[in-house]
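A.B. asks: The sequence and its predicted three-dimensional model are supplied below.
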Amino acid sequence: MPASASSNPADGEPMTRAEIETRIETISHTHTATFGGVRVRYAYLSQRGYYPDDLDKPNQDAHSITTNFCGQESDAFFGVYDGHGRDGEKCAQFAKRNLPELMYRHITRAKAKESKLRRMNPSMKEDEFLKKMELTKEQIQAAALKSHMDCNKAMHRSSKFDDSLSGTTSISALLSGRRNRITVSNVGDSRAILGQRVVSGKAPPGGGPPSSSLRAVPLSRDQTPYRRDERIRIRATGARILSLDQIEGFEPINDEEDDDASQNGGDLILGEEIDEGGDPPRVWSPHGEYPGTAFSRSFGDAIAEELGVFAEPEMITHELTPSDEIIVLASDGVFEFLTNQSVIDICAKFNDPLQACRAVVAESYELWLQYELRTDDITMICIFVDEVTPKAGGDFFALSNRNFAEKVNSSKLETSMKNVVIIDDEGGDDTLDAPIHPVDNKPVRNNVSKAKSKAIDKMKSRMLLEDDSSPLDDVDISKLYTEKSDEDKTLIAEAIRASVMFQNITDAQREMIFGVMEPFKVKKGDWVIRQGTVGDRFYIVDSGSFEVRIVPEGQEDERKDGGNVVHVYHGSRTSHAHPSFGELALMYSAPRAASIIAQTNGQLWALHGSAFRKVLAEQTERKELCKVLRKVDAFKPTTKDDIKDLATHMEEGTYNRGDTIIQKGQLGDTFFIICQGGHCEQTKSTGETASLKSDQWFGEEVLVNGAAVYTSTIVATSTTTCWKLDKSHLPKLRRRSSGNVA
């Protein structure tokens with residue numbers, strides 16, 4: 001896709017909104033189709049990446065959607081191709097044109113060979129016979145294997161580009177609607193995933209359906225050096241597998257790392273150890289620092305092919321059921337920072353697959369901007385499966401083995417598939433493939449790249465003379481906390497659902513985050529973030545449009561407009577679009593890598609990084625507090641939920657050395673637990689003294705048996721912080737207990 005000349009900063013003009021839109025290729029509207037017994041809606045979107053050093057670099061991703069595949073209205077072919085190298089765009093386009101055609105050719109040939117079935121119907125014309133013919137899983141996968149290998153050979157022979165150090169990955173899906181099957185073929189590290197409905201609870205007492213959710217089910221495995229089996233296969237050719245840091249001598253090399261396969265077959269361990277900042281294991285020649293591919297299979301890459309990087313696909317055939325609701329095929333740019341589950345969660349928020357594509361691609365693009373100096377090309381096909389009806393599959397013929405014949409004749413399916421003619425013959429294996437284990441894919445990155453870290457360090461050195469930050473070292477969450485409406489909570493929850501930072505928070509932490517989110521109204525032209533200044537807030541766009549502008553490293557913002565527009569965030573409650581930015585501020589204070597300027601009036605939700613860290617810290621402390629509360633005699637009859645409720649209502653109080661916290665004989669209504677580092681002295685009614693330290697408590701007597709006064713005196717012997725529980729929070733607890741609590 002050619003870029004406008006004005007997108008080059010050398011021309012002195014920033015990118016316009018129209019130029020940003022030229023980076024996006026998308027279907028005009030969602031398409032609806034019925035393939036045999038499968039009714040679907042589908043859409044696609046591809047966004048060209050942002051490369052500061054090559055702003056005119058073309059989109060190297062491609063995609064293909066072919067309906068009426070092999071002349072059958074019940075079949076369709078979907079593919080996503082992710083090119084790389086100097087001629088990566090041409091390699092991806094070559095695969096887009098040729099792979100579907102080769103699949104068509106080999107499937108048609110396989111059907112034509114099945115003369116035995118045709119002899120059963122001598123009056124049937126050949127075209128009609130081919131349309132009613134269905135291949136077994138083994139035949140389909142054999143045709144797919146031949147198609148991929150032939151496509152790779154044809155790419156090598158092409159004189160229109162050089163694939164010695166260029167190529168493309170491919171993820172494709174053949175939908176066979178009459179059998180409600182999908183066959184996924186994978187070469188490289190793009191992915192296919194399935195959103196499958198899982199019932200997670202019982203029906204509510206008052207009636208209605210049981211609770212359920214969509215679970216991400218992988219339909220492909222990343223073929224990269226993260227996988228031990230791929231590393232062993234690649235190393236057998238004499239190739240080396242090293243990260244860039246290992247090549248440059250910054251990290252040690254462990255040649256025996258694959259000798260011990262005790263954990264997960266060795267998968268992922270390599271990547272977890274060395275890929276902290278976008279530096280994955282790569283394939284290298286034993287004779288030099290090339291080709292450096294981060295994948296272990298691809299089309300093209302003639303030099304890497306000698307090192308075991310070939311185009312043989314891994315395939316899986318899955319039978320669609322009514323619980324299968326979403327199918328996603330996407331390039332690896334989507335999954336660099338998003339998990340499979342995050343992608344499905346985002347898609348599930350929308351009723352339109354095109355809107356789902358926009359949301360996932362936008363979220364991926366935004367995360368790239370946060371963690372990297374660039375963004376990858378990002379492409380996605382989203383299929384919403386609206387209905388799977390075996391009875392609607394229609395008549396067809398199939399060669400099969402005994403397993404499939406038994407399945408059709410079972411009492412459960414013989415009615416729904418009564419129009420299928422099965423011949424127990426030589427069609428090969430037709431049993432479905434085993435599910436793919438989720439651990440087989442590479443881990444999601446949640447750290448900035450080393451290049452971005454260096455850029456941030458440079459920004460820090462430039463801002464040493466400035467101090468426009470206002471850190472909240474002593475955050476009082478109670479002063480920030482405000483009640484939010486259910487609609488506001490739903491908006492915030494949806495916006496943070498896919499973020500790595502929020503994936504492991506508890507329900508209590510989530511509620512506190514809702515409470516400390518601050519609403520900000522902005523006007524057109526307002527600067528929300530200025531590049532180079534310290535970031536201290538994470539933002540969610542409630543409504544409005546906001547430009548992302550970047551001044552390239554080493555240049556000055558001479559126009560004082562924030563630099564080139566590289567992206568625009570759009571927020572709308574109507575379309576349920578609520579992008580976020582500034583996520584790194586939740587982890588640490590660092591100079592902003594881009595400026596954010598309001599393109600329209602709008603509203604943001606802001607979460608201060610110190611408040612976020614305080615929420616996490618307080619909830620961790622309260623979790624430990626629950627353990628202490630369960631040891632207190634007064635609370636032993638209480639439930640686990642009651643204990644959590646008590647911990648939520650406890651507040652901190654700090655006392656200086658020598659302060660009397662409670663006095664013997666004094667009326668009291670508060671129970672105390674000493675926090676970490678605190679020390680107190682207890683004087684009992686007998687005159688006996690004792691030392692108290694962290695996780696010990698006092699004042700329990702005012703909670704039990706209706707007592708109203710303290711029976712001992714407690715004095716702080718150092719600066720001491722205590723958790724305090726007021727007696728007024730106990731009425732609910734009294735109703736549930738056996739009566740020993742006041």
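C.D. replies: Everything's here; your move.
A.B. asks: what bridges to Val704?
C.D. replies: Val741 (DSSP bridges).
A.B. asks: Burial check on it, number of neighbours?
C.D. replies: The number of residues packed near Val704 is 14, by other C-beta atoms under 10 Å. (C-beta placed from N, C-alpha, C; glycine too.)
A.B. asks: Hmm, it is touching Ala634, no?
C.D. replies: Yes: counting by C-beta atoms under 8 Å, Ala634 is a contact partner of Val704 at 5.1 Å.
A.B. asks: Count the residues that sit near the nearest residue to Lys636 once chain neighbours are set aside.
C.D. replies: Residue nearest to Lys636 in three dimensions, not counting chain neighbours: Arg630, with 7.3 Å by C-beta to C-beta, 6 or more residues apart in numbering. Counted with other C-beta under 10 Å, the neighbours of Arg630 add up to 12.
A.B. asks: In which helix or strand does Gln355 reside?
C.D. replies: Element membership for Gln355 (DSSP states H and E) is helix 353-371.
A.B. asks: so what secondary structure elements neighbour the next helix-or-strand element following that helix?
C.D. replies: Note on helix 353-371: by DSSP H and E, the next helix or strand toward the C-terminus is strand 378-388. Applying 3 or more C-beta pairs under 8 Å, 6 or more residues apart in numbering; DSSP states H and E, one finds that strand 378-388 makes contact with strand 38-47, strand 61-67, strand 75-84, strand 324-330, helix 332-335, helix 353-371.
A.B. asks: So which of the ones you listed is nearest Thr169?
C.D. replies: Minimum separation from Thr169 across those (C-beta to C-beta) falls at strand 75-84, 4.7 Å.
A.B. asks: now that closest one against strand 324-330, angle please.
C.D. replies: 30 degrees (axes from the mean of the first three to the mean of the last three C-alpha atoms, to 10 degrees).
A.B. asks: Put the alpha carbons of strand 75-84 into CSV.
C.D. replies: The C-alpha coordinates for strand 75-84 follow below in CSV (Å, rounded to 0.1, in the frame of the first residue of the first chain):
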residue,chain,number,x,y,z
ASP,A,75,-17.1,-24.5,1.7
ALA,A,76,-14.9,-21.4,2.3
PHE,A,77,-11.2,-20.7,2.7
PHE,A,78,-9.7,-18.0,5.0
GLY,A,79,-6.1,-17.1,5.3
VAL,A,80,-3.8,-14.6,6.9
TYR,A,81,-0.2,-14.1,5.7
ASP,A,82,2.5,-12.2,7.5
GLY,A,83,5.5,-11.3,5.3
HIS,A,84,9.0,-10.4,6.5
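A.B. asks: and that strand with strand 38-47, angle?
C.D. replies: Using the same axes, to 10 degrees, one finds that strand 75-84 and strand 38-47 are set 20 degrees apart in direction.
A.B. asks: angle of strand 75-84 against strand 61-67?
C.D. replies: Orientation check (the same axes, to 10 degrees): strand 75-84 against strand 61-67 gives 170 degrees.
A.B. asks: State the next helix or strand along the chain beyond strand 75-84.
C.D. replies: Later in the chain than strand 75-84, the nearest helix or strand by DSSP H and E is helix 88-112.
A.B. asks: Can you spell out which helices and strands pack onto that following helix?
C.D. replies: Against helix 88-112 (3+ C-beta pairs under 8 Å, 6+ apart) you get strand 61-67, strand 75-84, helix 126-132, helix 137-157, strand 167-176, strand 299-300.
A.B. asks: partners of the second one, with directions?
C.D. replies: I take that to be strand 75-84. Strand 75-84 sits in its sheet next to strand 61-67 (antiparallel), strand 167-176 (antiparallel), going by DSSP bridges.
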